[in-house]
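*Asks:* Generate coordinates for the sequence data below:
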Amino acid sequence: QPRTDVPADKQAVEAKWEEWRTHQRLTGPNATADYANPAQMNHFTWYQTHGWTTPYPGEDQVFAPERVPGALIPAVEGDG
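*Replies:* Modelled structure (predicted):
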């Protein structure tokens with residue numbers, strides 16, 4: 001069922017972000033700090049707080065998780 005708080009033209013991209021979110025360790029017993037890719041997490045937070053209608057600063061569209069610039073850069077696994 002479509003979310004009524006997400007504009008119709010953004011529901012597909014928001015659904016991709018919801019799928020992405022299910023694979024992160026943001027809450028619960030397996031929560032892991034800095035588990036999510038920082039670029040994706042920043043975009044997810046921005047889109048969520050701006051109603052899925054405002055592109056991330058410096059960008060011209062709302063990206064799906066796999067299209068976020070920097071999304072494929074691996075997360076740092078410790079201090080070195």
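
*Asks:* Report the central residue of the chain.
*Replies:* Closest residue to the average C-alpha location of the chain: Phe44 at 2.9 Å, with CA atoms, centre = their mean.

*Asks:* Could you find the closest non-adjacent residue to Val6?
*Replies:* Glu14 (4.7 Å; CB to CB, 6 or more residues apart in numbering). (Each C-beta comes from the backbone N, C-alpha and C, glycine too.)

*Asks:* just Thr32 next, same as before
*Replies:* Arg25 (4.1 Å).

*Asks:* same thing with Val13?
*Replies:* Nearest one to Val13, counting by CB to CB, 6+ apart, is Ala64 at 5.2 Å.

*Asks:* Just confirm Asn37 contacts Ala71, I think it does.
*Replies:* Yes: with contact defined as CB atoms under 8 Å, Asn37 reaches Ala71; the gap is 5.8 Å.

*Asks:* What are the boundaries of the strands in the chain?
*Replies:* Per DSSP state E, the chain carries no strands over any range.

*Asks:* how about the helices of it, start to end?
*Replies:* For the chain, the helices defined by DSSP state H occupy 11-22, 38-49.

*Asks:* Can I get those helices in TSV including mean pLDDT?
*Replies:* Output for those, formatted as TSV (pLDDT from 0 to 100):
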stretch	mean pLDDT
helix 11-22	92
helix 38-49	92
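
*Asks:* from those helices, which stretch is densest packed?
*Replies:* Most buried of these, by mean neighbour count (mean count of other CB atoms under 10 Å): helix 38-49, with a mean of 17.

*Asks:* which secondary structure elements does it contact?
*Replies:* Where contact means 3 or more CB pairs under 8 Å, 6 or more residues apart in numbering; DSSP states H and E, helix 38-49 is packed against helix 11-22.

*Asks:* Pro69 contacts Ala39, correct?
*Replies:* Yes: at 6.5 Å, Pro69 and Ala39 qualify as touching, with contact defined as CB under 8 Å.
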